[in-house]
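S.K.: Show me the folded form of this:
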Amino acid sequence: MLVALAALLGAGLLLRVYFLLVWRPALTGFSDTGVYFQGAVASLWSSPGRTAGYSMFLRVLHAISPHLILVTIVQHGLGLLAAVLFFLAVRRCGGPRGLGLAPAAIIALGGDELFIEHAALSEAVFIFLLSAMLYCAVRASQDGVWWAALAGLCAGLGVWDRVAGVEMVAVIALWLVFSAGRLTRRTIGVGALSLVVSLASLGVYVEWRQAASGLSGLTTNGSWALYGRVAPWANCKEFKPPPGTRPLCEPTPPSQRHDHSNADYIFQYSPAQQLLGPSYLVSKYPHAMALLQKWSEAVILNQPLDYLHAVSLDAIRLVDPNHFSYGAYSADELVAYLLYGPEMHPPEVNKLVTSWQRLLYPDDPAAHHGDIGPLKEWERITRIDGVWMVILLALCLTGPWLVAGRARAGTTLFAATALVLLFFPILTTGYDYRYTIPAFGPLLAAGALASWGLVVRVTARVRTARA
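M.R.: So this is what the prediction gives:
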C-alpha cells in the first residue's frame with residue numbers, strides 16, 4: 001500500500017509540475033485573491049468580513065521570497081501532505097490498509113484540488129489544516145491527550161484561515177467526547193481539551209484584532225453571509241420587517257443591475273449596499289449588522305417554505321453543480337472565474353487583483369498563460385458529482401451502521417465532517433462550488449470505510465445463505 005501511495009503522490013507531483021509549466025505564477029482571477037493580497041501588503045484587518053489567516057500566510061512566504069510562485073509551490077506541497085495525512089488517518093481506523101488511498105487519490109489527483117491549490121485563495125491552506133485536524137483527532141481517540149490539543153489547535157487555525165471553519169471546532173470536540181461509543185472520563189477530557197485549545201486560539205486572534213484595529217470579534221461584517229442566503233427570494237409583502245429594516249425591502253431598479261451572477265447582486269447592487277454601504281467596509285450605519293441579521297432571520301421565519309426551496313435547489317447542485325439555484329458559482333463558473341476574473345473569458349483579467357499583486361510582488365516576471373485546456377478537461381473528468389455524489393452521500397449517512405469498533409468511530413468523524421462542510425454553507429450562506437472542494441477528502445474517507453463495511457456484511461450473508 002505504501003508503494004501505491006507513493007505512486008499516487010508521484011502522479012500528483014507530475015500534475016502539479018505540469019500546471020506550473022502551463023500557467024504561472026498562479027490563478028489570480030478570483031476577486032478574493034485581491035482582498036488577500038491587500039491584507040498582506042497593507043493591513044491584515046482590511047477586510048472586515050473575513051478572518052486574516054491567509055493574508056498572514058502570504059506575509060510569511062513573502063518574507064522568505066517575495067514571489068507569488070512560491071505561494072503556489074507551497075500550496076501544492078501542502079496538498080500532497082494532506083493526501084498523506086488522510087491516508088494515515090483512514091489507515092488508523094482499521095480495515096484494509098488500502099482504504100486510505102481513496103481520499104488520498106482525490107486530493108493528490110483530483111482536478112478541483114489542483115485548481116484550488118494553484119489559486120491564491122484560502123482553501124488550499126484550509127484543506128491541509130483539515131487533514132491535520134482529522135488525523136490528530138483520530139490519534140487523540142487512540143493514543144494521548146497531546147493529540148487532542150493538536151487537533152484543537154488545527155481547528156482553531158482553520159478559523160483563522162476561513163471563518164466558515166468555525167463549525168469544525170464543535171465537530172471535533174463532540175466527536176472526541178463520544179468517540180468511544182459512550183461517555184468516559186477520558187473521552188470527556190480529550191474533547192474538552194480540544195475545545196479549550198480551539199477557543200484559546202480564537203481568543204488570541206480576537207484580542208490581536210482588537211488591539212491592532214479596534215474591531216471586535218472574529219469579523220465585523222458576518223451578517224452579510226445570511227443576507228446572501230435570503231436576499232434573492234425575500235418578499236417583504238409576506239411579513240412586517242423589523243424596525244429600521246424597511247429599506248432592505250426596496251427592490252433595486254433593473255437599470256442598476258449589471259451582475260454576472262446572483263452574488264454580484266447581493267453584494268454590489270443590493271438594497272443592503274444602498275443602505276449600509278459595501279460589504280467590504282465597516283458600515284457607518286448604526287447597528288448595521290444587527291439590523292441585517294434581524295431582517296434575514298425574519299425572512300426565514302416568515303418564509304420557511306421559500307427558504308427550504310432555496311436550500312433544496314442548492315442541495316441539487318451538489319449532484320449537478322451547474323443546476324440553477326440562488327447560489328453563487330457553479331463548477332464551470334468557478335473554474336472560469338479562477339482563470340479569467342469576473343468576465344469569465346479570456347483575455348480578461350481581474351483588475352482588483354492585478355493592482356494589489358503589483359504592490360505585493362513588484363519584481364515578479366510576466367505571467368505565463370499557456371494551453372489550459374487539458375487541465376480543464378481533467379478537472380471535469382475527476383469532478384465529484386452526479387451518481388458518484390449520490391453514492392458517497394448515501395455511504396456517509398449509512399456508514400456508521402455498516403462498520404463497528406474503531407472503523408465506526410472513524411466513519412462517523414469523516415462523514416460528519418463531510419456533511420457539515422457540504423451543507424452548513426448551503427444553510428447559512430448559499431451554494432458556491434468553491435465551498436464544496438474541502439469536503440471531498442473526508443467524503444471519500446467515509447465512503448471508503450462504509451464501502452468496506454458493506455462488502456463485509458454482504459459477503460457474510462452470502463456465505464450464511466450458501467451454508
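
S.K.: Can I get the helix or strand residue 107 falls within in PDB, CA atoms only?
M.R.: Following DSSP states H and E, one finds residue 107 within helix 101-109. What follows is helix 101-109, C-alpha atoms only, in PDB (Å, rounded to 0.1, in the frame of the first residue of the first chain):
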ATOM      1  CA  LEU A 101      -5.900   5.500  -0.900                       C
ATOM      2  CA  ALA A 102      -9.400   6.800  -1.800                       C
ATOM      3  CA  PRO A 103      -9.200  10.200  -0.100                       C
ATOM      4  CA  ALA A 104      -5.500  10.400  -0.900                       C
ATOM      5  CA  ALA A 105      -6.300  10.000  -4.600                       C
ATOM      6  CA  ILE A 106      -9.000  12.700  -4.800                       C
ATOM      7  CA  ILE A 107      -6.600  15.100  -3.100                       C
ATOM      8  CA  ALA A 108      -3.400  14.100  -5.000                       C
ATOM      9  CA  LEU A 109      -5.000  13.700  -8.400                       C
END
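
S.K.: and that helix, what's its mean pLDDT?
M.R.: What helix 101-109 shows for mean pLDDT is 97.

S.K.: Stretch 1-19 too?
M.R.: 95.

S.K.: Give me the residues contacting that stretch.
M.R.: Residues outside stretch 1-19 that contact it (Cβ atoms under 8 Å, 6 or more residues apart in numbering) are 76, 79-80, 83-84, 87, 91, 97-98, 100-101, 104-105, 107-109, 114, 117-118, 375, 378. Where you see a C-beta, it was placed from the backbone N, CA and C, and this is true even at glycine.

S.K.: Now, of the residues you listed, which are buried?
M.R.: 76, 79-80, 83-84, 87, 91, 100-101, 104-105, 107-109, 114, 117-118, 375, 378 (16 or more other Cβ atoms under 10 Å).

S.K.: I'd like to know how many residues surround the residue lying closest to residue 118 once chain neighbours are set aside.
M.R.: Sequence neighbours aside, residue 27 is the residue nearest to residue 118 in space, at 5.0 Å (criterion: Cβ to Cβ, 6 or more residues apart in numbering). By other Cβ atoms under 10 Å, 25 other residues sit near residue 27.

S.K.: Repeat that for the one 3 residues further on.
M.R.: Other residues within reach of residue 30 by the criterion other Cβ under 10 Å amount to 24.

S.K.: Which pLDDT does the model give it?
M.R.: 94.

S.K.: for it, what are its contacts?
M.R.: Applying Cβ under 8 Å, 6+ apart, we find residue 30 in contact with 119, 121, 337, 338, 341, 350, 353.

S.K.: how about a cut-off of 7 Å?
M.R.: Contact analysis of residue 30 by Cβ atoms under 7 Å, 6 or more residues apart in numbering lists 119, 121, 337, 338.

S.K.: again, but for residue 381
M.R.: Applying Cβ under 7 Å, 6+ apart to residue 381 gives no contacts.

S.K.: returning to what we had before: contacts for the helix holding residue 107?
M.R.: Counting by Cβ under 7 Å, 6+ apart, 4-5, 8-9, 11-12, 15, 79-80, 82-84, 86-87, 90, 113, 382, 440-441, 444-445, 447-448 sit against helix 101-109.

S.K.: and those residues, which are buried?
M.R.: For the contacts of helix 101-109, buried by 16+ other Cβ under 10 Å: 5, 8-9, 12, 15, 79-80, 82-84, 86-87, 90, 113, 382, 440-441, 444-445, 447-448.

S.K.: hang on, residue 161 packs against residue 125?
M.R.: Yes: at 5.1 Å, residue 161 counts as touching residue 125 under the criterion of Cβ atoms under 7 Å.

S.K.: tell me, what's touching those two both at once?
M.R.: Counting by Cβ under 7 Å, 6+ apart, the common neighbours of residue 161 and residue 125 are residue 54.

S.K.: Would you mind listing the residues in contact with the residue lying closest to residue 321 once chain neighbours are set aside?
M.R.: Distance criterion Cβ to Cβ, 6+ apart; nearest residue to residue 321, sequence neighbours excluded, is residue 331 at 3.6 Å. Contact analysis of residue 331 by Cβ under 7 Å, 6+ apart lists 321, 322, 383, 433.

S.K.: Return the distance of residue 331 relative to residue 48.
M.R.: Using Cβ to Cβ, to the nearest Å, one gets 29 Å for the distance from residue 331 to residue 48.

S.K.: ok, now residue 392?
M.R.: 36 Å.

S.K.: Quick check: pLDDT value at residue 265.
M.R.: pLDDT, residue 265: 62.

S.K.: Give me the secondary structure label for the residue nearest to residue 325 when sequence neighbours are not counted.
M.R.: Using Cβ to Cβ, 6+ apart and skipping residues adjacent in sequence, the residue nearest residue 325 is residue 313, 3.8 Å away. Here residue 313 is helix, with the state taken from DSSP: H, G, I helix; E, B strand; the rest coil.

S.K.: Surely residue 313 and residue 330 touch.
M.R.: No: here residue 313 does not reach residue 330: they are 11.9 Å apart, not a contact under Cβ under 7 Å.

S.K.: Only the buried residues of the longest helix that the chain contains, if you could.
M.R.: In the chain, with assignment by DSSP state H, the single longest helix is helix 185-213. Judged by neighbour count using 16+ other Cβ under 10 Å, the buried positions of helix 185-213 are 187, 190-191, 193-195, 197-198, 201-202, 205, 209, 213.

S.K.: now, which of the residues you listed sits nearest residue 301?
M.R.: residue 202 (29.0 Å; Cβ to Cβ).

S.K.: That closest one and residue 168: what is the separation?
M.R.: Distance of residue 202 to residue 168, computed by Cβ to Cβ: 12 Å.

S.K.: How about residue 358?
M.R.: 35 Å.

S.K.: Neighbour count: the two, which is higher?
M.R.: The neighbour comparison of residue 358 against residue 168 (other Cβ under 10 Å) goes to residue 168, with 29 against 12.

S.K.: Would you mind telling me which of residue 392 and residue 48 has the busier surroundings?
M.R.: Higher neighbour count among residue 392 and residue 48: residue 392, with 25 against 20, using other Cβ under 10 Å.

S.K.: How many residues are close by residue 335?
M.R.: 24.

S.K.: show me the contacts for it.
M.R.: Residue 335 touches 115, 376, 379, counting by Cβ under 7 Å, 6+ apart.

S.K.: Which ones among those residues map onto helices?
M.R.: Counting by DSSP H, those place 115, 376, 379 in helices.

S.K.: Output those in CSV, with neighbour count, distance to residue 129 and pLDDT appended to each entry.
M.R.: Output for the ones in helices among the contacts of residue 335, formatted as CSV (neighbours: other Cβ atoms under 10 Å; distance: Cβ to Cβ, whole Å; pLDDT from 0 to 100):
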residue, neighbour count, distance to residue 129, pLDDT
115, 25, 19, 98
376, 16, 28, 96
379, 20, 23, 97
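
S.K.: Break the chain into its domains for me.
M.R.: 2-217+371-466, 223-314 (automatic domain parsing).
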